[in-house]
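# Just a sequence and a predicted model for now, questions to come.
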Amino acid sequence: MGNYKKNIITAAILVAALAAVFLLFNAVSGGKFLELENLTVVISHIIYPAFTAWGLSFLFACGYTDMSVGGVVVLAAFASNVFGNRYGYPGVVVAGVAVGTLLIFVNFNIFAYTKIPSWIASISLAMIYEAFGFYLKTNNATKSLVTTALSRDYRQLGQLPWSAVLLVVGFAAAYIVYNRTTVGLNIRAIGGNKEVSRAMGVNVNRTLTWVGLISGLFIGAAAVVQISYSGLMTVKTGLTSMSIIFQPLAIVLLAQIMKKRVNIIIAVPICSLIIYSIFNLLTILHVPSGTLQEACLGAFLILFGIIGQRGSKGVVK
Amino acid sequence: MTGDTVLEIRALSKSFGPTPANRLIDFSLARGEIHGLIGENGSGKSTLISQVAGLYSPDSGTMWLNGEPYAPRSPLDANEKRVSMVMQELGVVSSLPVGVNVFLGRTRAFSKFGIVSLKSLNRAAQEQFEKWDLPRADFHALAEGMTVESRKMIELARAMSVDPEILILDEITQSLSYNNRNILYGLLEKFKSMGRSAIVITHDVEELISITDRITVLRDGAVAGVLQSASATADEVKRLMVGREISGEYYRSDTSPSFDGTKPVLSVRSMTVDGKVEDISFDVHQGEILGFCGISDSGIHTVGRAVYGLEKLSSGHVLLEGRQLSSPTQALRSNMAYVPKDRDNDALMMSASVWENFSLPSISELTGKAFFVSPFRLRALAQKMTEKMSVKCRDISQAMTDLSGGNKQKVNLGRWLAKDIKLLILDCPTRGVDVGVKAYIYSLMKEAKAAGMAIILISDELTEVLGMSDRLCVMKDRALKAIIPRGDEFTEHSLIKVMV
């Protein structure tokens, strides 16, 4: 069977499966799930995790882990908030994306040149970013800047339809970079086998720097979406920023399970939709938010992992 | 020697720390020549060609390519000067499609405005496969899960895609089955007829003599001799390699099966693994070496994996002394062992130490009271086996990655021989090892056979299965076509008649 035909069949099965799941959700929720208002809520909520998950996909593709992403999102959102209130939309976008990109870029240079295992280095970086965020929030000179919500005049990027437009643009950019550019292929090559890549002339350190830039752009964009949606970002110390990436992390795990059949960049928004839909359904069913909902998500991930791994080995690293 | 000199090497030396790997090597490669390079494991062959391919820089000495000084800074630089290499252990990137693997590091050539055209890239990859008559491949598919053989073909296409003037092949024939070896020989012939040159490393002396024009023999990092292949003999090559006269025959000398046929240790009945092997039935007896041979995709390697429980049977069963087995855990507990073909990826823990690798299969036997495992007992076992198998290592704490291919294989095999094994499955046990280690492995097999161990020997080398087996199972199209007992019909010719 040709690849084109295979792709069409996979897409058809996927759409049919999603439709079936949503119809089931609708039936279970007494018709509330597919109400237009509820669907709007669901779509609004998948933008931030999708952008963060794309950023994480690039990170994981090259075989690195960054536990400081939550801390980066907090600082980028602070920047977006402060500069947005001062300069309007240019401030919201440029400051958020610039800080996100800069910090992830710094992280990757640290990973590439210090050779410290990335998960260890990134936990240390997460603590630094959280502490800095907390300092900004408590320091008299900056407190009022970061605790004042982003003006409602500049929050369209967190609302439909602009957030959906952003999602489409982000998807196109992620897809092309990941699948159709030399740097994207080199990133995947390094994650697959660093030694082969090096022997084939791939400049590993330069590619890692590119990962920092690309991933940073997506994480920065995620911070812009998040601050535009919520208006305010809170910060605590004690590695609590890691909880910000819990959902995106679940999305990437789910996307990795689907990777054998669906390109991971395509799988990310689909998984984002699936995961938020589950949370949404549980909320409609009055399941207490927090621990019980997250336990349900964990169980769902395990179940999906078992189904996804049938007949093959090592679906998720 | 034919034509003028394309590559000239003078007084090349290279050391790794205090260990000299190459000492004042002189070497020349003529245009249109296939030049063989042979030596024991650790003799400096890979180091020499790695310098030609730009992986290492020499400490001293000079290289000239077409009369110009040649000092490649990287493999990519060597590629640009039309020198390419297929390495013994390198491999492909599993997470990338086959087409991208062929042009990895050079994908920019297919990009326009920064976007890579996968269509043109795959078309170019296909052209390479067609030009060199390589087996068909799905260029969109990920390399993940492909066999060692298919991966080697991708690497070969990758090397050919730089349109090399010099092609270097580092022990790749031992990864290939009969038909793909023939494809490679055809490729070399075609390459030579185009006036191009190749350096071929293989441990198969007979093969080297038959496919090359000249042979350079290395010993202890220096050139031990250069021979014209047309007049060289296998014994002469072996003598130069090891520095002493060694027997020309390391296989069995008897001409009939010798085992107790009344006691089957293993019985396999109607074994089928969907899409891989169909309806396979055979017995292996105490003291028997049962060989398996066939061309690529004939299913011989799946038989080993399925018997050990690594492949799920869709029908049939495997009985060890009457007890049905279905998983590696059961197989191991029933004293069955399996040595896979892909030593580095499927068998050994490469970043662990020699002692950890030696002791792993014996941990349950060495576990004491209250589940306590004494590290002293584990290390003592490893020390004993290191000495018994003559593993060349600094000490048993040395990491496996630092060992040569032959020594890795000694650990791989020796850890099973430390146990009381009833049935041993060996899949290409001499892949990537030199004649000395090869002879040693065969002597261990003969000892194990004499002690009553049943052995399944799966191999891509016909001479090996012919030389060592009591009976030989010939497979074709995933089915068992014939079981030939050692005797008059035990010839390459009769096997090929069934295989092809």
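On my side now, so go ahead.
# give the contact list for the residue nearest to B:Asp420 when sequence neighbours are not counted.
In space, not counting the residues next to it along the chain, B:Asp420 is nearest to B:Asn335; the distance is 6.0 Å by CB to CB, 6 or more residues apart in numbering or on different chains. (Each C-beta comes from the backbone N, C-alpha and C, glycine too.) B:Asn335 is in contact with B:320, B:419-423, counting by CB atoms under 8 Å, 6 or more residues apart in numbering or on different chains.
# Give me the buried subset of these.
The neighbour-count test (16 or more other CB atoms under 10 Å in any protein chain shown) marks B:320, B:419, B:421-423 as buried among these.
# Among the contacts of B:Asn335, which lie within strands?
Among these, the members found in strands (DSSP state E) are B:320, B:423.
# Tell me the spacing between the residue nearest to B:Asp420 and B:Leu121.
50 Å (CB to CB, to the nearest Å).
# Check the secondary structure at B:Gly195 for me.
Secondary structure state of B:Gly195, per DSSP: H, G, I helix; E, B strand; the rest coil, is coil.
# do you know how far it is from A:Gly70?
Distance from B:Gly195 to A:Gly70, by CB to CB: 61 Å.
# in the stretch 301-450 of chain B, which spans are helices?
B:328-333, B:354-359, B:363-366, B:375-388, B:405-417, B:435-450 (DSSP state H, counting those that start in this stretch).
# Could I get those in a markdown table, plus columns for mean pLDDT?
Below are those laid out as a markdown table (pLDDT from 0 to 100):
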| stretch | mean pLDDT |
| --- | --- |
| helix B:328-333 | 89 |
| helix B:354-359 | 91 |
| helix B:363-366 | 82 |
| helix B:375-388 | 90 |
| helix B:405-417 | 88 |
| helix B:435-450 | 88 |
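# quick one: which of these is nearest B:Leu134?
helix B:405-417 (24.9 Å; CB to CB).
# just the buried ones among the contacts of B:Asn335: which has the poorest pLDDT?
Here the lowest pLDDT out of those sits on B:Lys419, with 83.
# Am I right that it is in contact with B:Leu360?
No. Counting by CB atoms under 8 Å, B:Leu360 is not a contact partner of B:Lys419; they are 10.9 Å apart.
# per-residue confidence at the closest residue to chain B within chain A?
Using CB to the nearest CB, the closest approach of chain A to chain B is made by A:Gly201 at 3.1 Å. pLDDT recorded at A:Gly201 is 78.
# give the contact list for it.
B:74-76, B:79, B:105-106.
# need the residues of the stretch 1-150 of chain B near chain A, please.
Within reach of chain A by CB under 8 Å from any CB of the partner chain, the stretch 1-150 of chain B has these residues: B:55, B:74-76, B:79, B:87, B:90-96, B:100, B:104-108, B:111, B:114-118, B:140, B:145.
# Quick check: helices, which of those are part of them?
Those of those mapping onto helices are B:75-76, B:79, B:100, B:118, per DSSP state H.
# Does the most centrally placed residue in chain A lie in a helix or a strand, and which?
Geometric centre of chain A, nearest residue: A:Thr52, 1.8 Å, by CA atoms, centre = their mean. Taking DSSP states H and E as the criterion, A:Thr52 maps to helix A:36-61.
# hang on, the earlier thing: neighbour count winner among B:Gly195 and A:Gly70?
A:Gly70 (24 against 13; other CB atoms under 10 Å in any protein chain shown).
# got a pLDDT number for the residue lying closest to B:Asp297 once chain neighbours are set aside?
In space, and not counting its chain neighbours, B:Asp297 is closest to B:Arg478: 7.5 Å by CB to CB, 6+ apart. Note for B:Arg478: predicted pLDDT of 90.
# how many other residues sit next to B:Trp416?
If we define neighbours as other CB under 10 Å, then B:Trp416 has 21 of them.
# Spell out which parts of chain A neighbour chain B.
A:3, A:61, A:176, A:179-182, A:185-186, A:188-189, A:191-193, A:195-197, A:199-202, A:312.
# B:Val217 is nearest to which of the helices of the stretch 301-450 of chain B?
Nearest of the helices of the stretch 301-450 of chain B (CB to CB): helix B:435-450, 11.3 Å.
# The closest one packs against which elements?
The contact analysis (3 or more CB pairs under 8 Å, 6 or more residues apart in numbering or on different chains; DSSP states H and E) places helix B:435-450 against helix B:234-242, helix B:405-417, strand B:454-458, helix B:462-468.
# Quick check: which of the ones you listed is buried the most?
strand B:454-458 (a mean of 25; mean count of other CB atoms under 10 Å in any protein chain shown).
# between it and helix B:435-450, how big is the angle?
140 degrees (axes from the mean of the first three to the mean of the last three CA atoms, to 10 degrees).
# pLDDT averaged over stretch B:163-173 - what is it?
92.
# Only the buried residues of that stretch, if you could.
Neighbour-count burial for stretch B:163-173 [16+ other CB under 10 Å]: B:164-173.
# which one of these sits closest to A:Ile214?
Ranked by distance to A:Ile214 (CB to CB), the buried residues of stretch B:163-173 are led by B:Pro164 at 33.9 Å.
# Give me the phi and psi for B:Gly39.
Main-chain torsions, B:Gly39, degrees, to the nearest 10: phi 170, psi 170.
# my guess is it meets B:Val217, correct?
Yes. Because the distance of 6.1 Å satisfies CB under 8 Å, B:Gly39 is recorded as touching B:Val217.
# which residues do those two both contact?
B:224, B:241.
# now the contacts of B:Asn335 as JSON lines including distance to B:Ser296?
Below are the contacts of B:Asn335 laid out as JSON lines (distance: CB to CB, whole Å):
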{"residue": "B:Leu320", "distance to B:Ser296": "29"}
{"residue": "B:Lys419", "distance to B:Ser296": "32"}
{"residue": "B:Asp420", "distance to B:Ser296": "35"}
{"residue": "B:Ile421", "distance to B:Ser296": "29"}
{"residue": "B:Lys422", "distance to B:Ser296": "30"}
{"residue": "B:Leu423", "distance to B:Ser296": "26"}
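# Good, we can wrap up now.
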